[in-house]
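Peer 1: have a look at this prediction, sequence included:
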Amino acid sequence: MKSFIEHLSEAEYDGRKVTLNKPFRSDDKKKKFYVYVKNEKGNVIKLGFGDPNMEIKRDDPGRLAGFRARHQCDTDPGPKWKARYWSCKFWEKGKTVTDLLDSVDICDSILEASRGGKNTHMTHIEDRVIYGGVKGARESILALRSLRDMLAGKVSSSTDVTEKWDGAPAVFAGIDPADGKFFVAKKGIFNAKAMVYKSEADVRNDTSGDLADKLVTAFNELKDIGIKDVIQGDLMFTKGDLEPESIDGEKYITFQPNTLVYAVPTGSDLAKTISKANLGIVWHTTYKGDSFESMTASYGVDISSLKKKSSVWQKDAGLGFKNLSGTATLTKADTEEVTTQLSKAGKIFQKIKSTTLNELENNPELASKLETFNNTLVRKRERIENTAKHVNDLIAWFDKKHKAEYKKRKSDKGKRDIALKNENEMKFFSKENRKNLDMMFQLMNAIVDAKLIIINKLDKLKEIDTFIRTKKGFKVTGSEGFVAIDYNTNGAVKLVDRLEFSTNNFSQDVIKGWER
């Protein structure tokens, strides 16, 4: 599961989702590590660095100084898309390999995400408690309360919901305000040097393989449908991705861009429409402005003005609640259960000292580590049951990591550095903070319980069935999730059943679209 920080750095490489600026160990013995970065053109590349046959001995002061001097680490380490930059980071004083592999280099990502109003990254609604401080916790409760009211039939709400579609790559399309020409683009559109494609040749010169074929199809199919501004969507399929499948005795037309398999019953009107299409895309965000640099984003796309053509299957991600006001989808019992959980969340929230939540908000590295530990349960498909035990296990996890790092250090100086880091980090786990962390995890559990009731109802409104492909056949699963949008602030949070969708992403038994 991706953390809040990783969502700032989410990108695509070769048509699949990756995390930028997060190094990982090599398994090909050509390089010691790899990292996905954006190069000077704004393209995402897989960069290898480090000799797989050499050890990093930064604990040796002489070796450390010699390496950093030879590679000009302190004067000119070079740009982030060069191997020297990352080698210098791995020969950084006071850092361990574990530190670097567990973290994401976030500075550029935060700046890029917040530049020019294009702050469209999202986090899981319960994780707003970890990352958003008092305000984040309050906003999580209020968002769920607004969704409850909307689903119970109350019409006065600034909240709406869109479905998350598990598509790839992300596609931008529209008119370049600089010259009035139509383009398609990947996520590099908002780089300092915008990467946009205004012809098939532009696409082929910058990309290759299946990704290039998909972008060429998108360019040719979308250039004449009347897009006025710039809109963003998830590409779901091109013609060759459509496959017939028999699942539990029923015949379907299917497509699988990532983890989920989308299946439409053969013979249905929707199947007939999709079968005729060369391109399938779901739109979710609109951008307006006089230049790419000044564009601002708003959730939702009005596709009613776009030209309809049989070779394009397109839809907006919205579930249409603005047009279904007064339609109740939560039963009275469901509404009461959500209310009970939100009431419980509110009472717990009032007891948590603001200093604990704000300390986490002001220390994103520490908050990210808390989420990383929580994710160890998600990977095992387990929830936090005993919150007091979870706090103790969390502290033991920190202690184990610190001891492992201490053991790796050879010099007395290196060991002192780790001991000091351990001491400073463990100060957070004071007696008062432990008590507040216990309540914080109780608060997150109550938010999750309310969220799951809402997700269960929303999932029944989806238009297309979803499955996962396993080595033993297909299994029914829910959608990727939903996005709750507050139109007063244009803010958004994700509602995802993490124990289902996120576990599917990690499971070795689930066959992903790019693995076939």
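Peer 2: Ah, there it is.

Peer 1: are we agreed that C73 is in a helix?
Peer 2: No - counting by DSSP: H, G, I helix; E, B strand; the rest coil, C73 is not found in a helix; it is coil.

Peer 1: where along the stretch 101-250 of the chain do the strands fall?
Peer 2: 159-164, 170-175, 182-185, 230-238, 243-247, 250-255 (DSSP state E, counting those that start in this stretch).

Peer 1: any idea of the mean pLDDT in the fourth one?
Peer 2: Same thing as strand 230-238. Per-region confidence: strand 230-238 scores 96 on mean pLDDT.

Peer 1: convert the C-alpha atoms of that strand to PDB, please.
Peer 2: The C-alpha coordinates for strand 230-238 follow below in PDB (Å, rounded to 0.1, in the frame of the first residue of the first chain):
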ATOM      1  CA  VAL A 230      -7.500  19.900 -20.600                       C
ATOM      2  CA  ILE A 231      -8.900  16.700 -19.100                       C
ATOM      3  CA  GLN A 232      -7.300  13.700 -17.400                       C
ATOM      4  CA  GLY A 233      -8.400  10.100 -17.400                       C
ATOM      5  CA  ASP A 234      -7.400   6.500 -17.000                       C
ATOM      6  CA  LEU A 235      -6.900   4.500 -20.200                       C
ATOM      7  CA  MET A 236      -8.800   1.300 -19.700                       C
ATOM      8  CA  PHE A 237      -8.200  -0.500 -23.000                       C
ATOM      9  CA  THR A 238      -7.400  -0.400 -26.600                       C
END
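
Peer 1: can you put the strands of the stretch 101-250 of the chain in CSV and add mean neighbour count and distance to L360?
Peer 2: From N, CA and C alone the C-beta is placed, and that goes for glycine too. Converted to CSV, those look like this (neighbours: other CB atoms under 10 Å; distance: least, CB to CB, whole Å):
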stretch, mean neighbour count, distance to L360
strand 159-164, 21, 26
strand 170-175, 21, 30
strand 182-185, 24, 36
strand 230-238, 23, 31
strand 243-247, 14, 44
strand 250-255, 18, 41
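
Peer 1: between the ones you listed, which gets the lowest average pLDDT?
Peer 2: Across those, the lowest-scoring stretch is strand 159-164, with a mean of 81.

Peer 1: go through the strands of the stretch 101-250 of the chain and name the closest to D224.
Peer 2: Among the strands of the stretch 101-250 of the chain, the nearest to D224 by CB to CB is strand 182-185 (8.4 Å).

Peer 1: other SSEs contacting that closest one?
Peer 2: strand 170-175, helix 209-222 (3 or more CB pairs under 8 Å, 6 or more residues apart in numbering; DSSP states H and E).

Peer 1: point out where the protein drops to low pLDDT.
Peer 2: Within the chain, the ranges that satisfy pLDDT under 70 run 1-12, 14-17, 40-42, 59, 93-122, 154-159, 192, 320-328, 487-491, 502.

Peer 1: pull out the buried residues from stretch 306-319.
Peer 2: L306, K309, V312, W313, Q314, K315, D316, A317, G318, L319 (16 or more other CB atoms under 10 Å).
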